[in-house]
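> sequence and predicted structure below; questions after.
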Amino acid sequence: MSIKVTRIADSLFNANCLRFGTFKIKSGALSPYYIDLTSLLSSPADLTIIAKAAAELIEQIMKNEKIDKIASIALKGALIVPSIATMINLPCIIIRKSEKNYGAKGRIVGAPVSKNDNILFFDDVVSEGLSKVEGIKPLENQGAFVKHLLVVVDREQGGKEKLEQKGYLVHSLTKISEIVKVLADSNKISDNQAQEVLDYINKI
């Protein structure tokens, strides 16, 4: 496994972002694990590692394509995206789950969205891809282009493939199968915990 993947896996584990048990995910299905990146807020060092890895990947993309802004949907991705944006000096946008009818109205806050903006969409994980489409639509409705999507963890539930069928390019810092293998090899989780996750992925 690469050093980058190992560092990301260790950071997620150290910050208690990865939990094992039985969890209901957004689709209603049951999962033997849960990823909660809000826990990175309790560990600045681990948050920095994740944000830096994301910033480096975005910089690689920007060598070949122009990226004007970074966007994310509330809540989890939105908590991390400002840290990434400051590292690469790009404005960031937050998409609310629903519109507000008071104060700063609408669904889009942060940097303004301009027609023909090239916006990279960031989020914590990709499962089935549904929330990504929900977050991207308000940007596209204002004339922006969203080609690249970046997530910290691909849960390997088909979301990446569904989004790419719609024409997006989906990048992930790591996959859940890589994470559990790293953690099992370093005895941070049991072989049984890792195998349960791998079995779950293979059944999907």
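Done, it's in. Computed from a predicted structure; not experimentally measured. Numbers count the residues shown, from 1 in each chain.
> just checking, which helix or strand of this protein averages the lowest pLDDT?
Every helix and strand of the chain was ranked by mean pLDDT, DSSP states H and E. The lowest is strand 92-100, at a mean of 87.
> and the lengthiest helix in the chain, which residues are buried?
When the chain is parsed with DSSP state H, its longest helix is helix 44-62. Neighbour counts over helix 44-62 (16 or more other Cβ atoms under 10 Å) mark 46-47, 49-51, 53-55, 57-58, 61 as buried. For every residue, glycine as well, the C-beta is placed using N, CA and C.
> can you list these in CSV and add pLDDT and distance to Gly110?
As requested, those are exported to CSV (pLDDT from 0 to 100; distance: Cβ to Cβ, whole Å):
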residue, pLDDT, distance to Gly110
Asp46, 98, 24
Leu47, 97, 19
Ile49, 97, 24
Ile50, 98, 20
Ala51, 98, 17
Ala53, 98, 22
Ala54, 98, 17
Ala55, 98, 17
Leu57, 98, 21
Ile58, 98, 17
Ile61, 98, 20
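> let me have these in CSV, extended by distance to Gly77.
Output for these, formatted as CSV (distance: Cβ to Cβ, whole Å):
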residue, distance to Gly77
Asp46, 16
Leu47, 13
Ile49, 17
Ile50, 11
Ala51, 12
Ala53, 15
Ala54, 10
Ala55, 14
Leu57, 15
Ile58, 14
Ile61, 17
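> hang on, the earlier thing: how about the CA coordinates for the least confident helix or strand of the chain, as PDB?
The C-alpha coordinates for strand 92-100 follow below in PDB (Å, rounded to 0.1, in the frame of the first residue of the first chain):
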ATOM      1  CA  CYS A  92     -14.800  27.900  -1.700                       C
ATOM      2  CA  ILE A  93     -18.600  27.500  -2.000                       C
ATOM      3  CA  ILE A  94     -21.000  25.800   0.400                       C
ATOM      4  CA  ILE A  95     -24.200  24.300  -0.900                       C
ATOM      5  CA  ARG A  96     -27.000  24.100   1.700                       C
ATOM      6  CA  LYS A  97     -29.200  21.100   1.900                       C
ATOM      7  CA  SER A  98     -32.200  23.400   1.400                       C
ATOM      8  CA  GLU A  99     -32.900  27.000   0.700                       C
ATOM      9  CA  LYS A 100     -33.200  29.600   3.500                       C
END
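> and that strand, what does it pack onto?
strand 69-73, helix 76-88, strand 106-110, helix 130-141 (3 or more Cβ pairs under 8 Å, 6 or more residues apart in numbering; DSSP states H and E).
> in the chain, which segments are predicted with low confidence?
For the chain, the stretches with pLDDT under 70 are 100, 102-105.
> recalculate using a threshold of 90.
1, 24-30, 74-76, 97-106, 128-131, 133-134, 203-204 (pLDDT under 90).
> what's in contact with the least confident helix or strand of the chain?
Contacts to strand 92-100, defined as Cβ atoms under 8 Å, 6 or more residues apart in numbering, come from residues 69-75, 78, 81-82, 84-85, 105-111, 113, 119, 134-135, 138-139.
> out of the helices and strands packed on strand 92-100, flag the one nearest Lys188.
helix 76-88 (22.3 Å; Cβ to Cβ).
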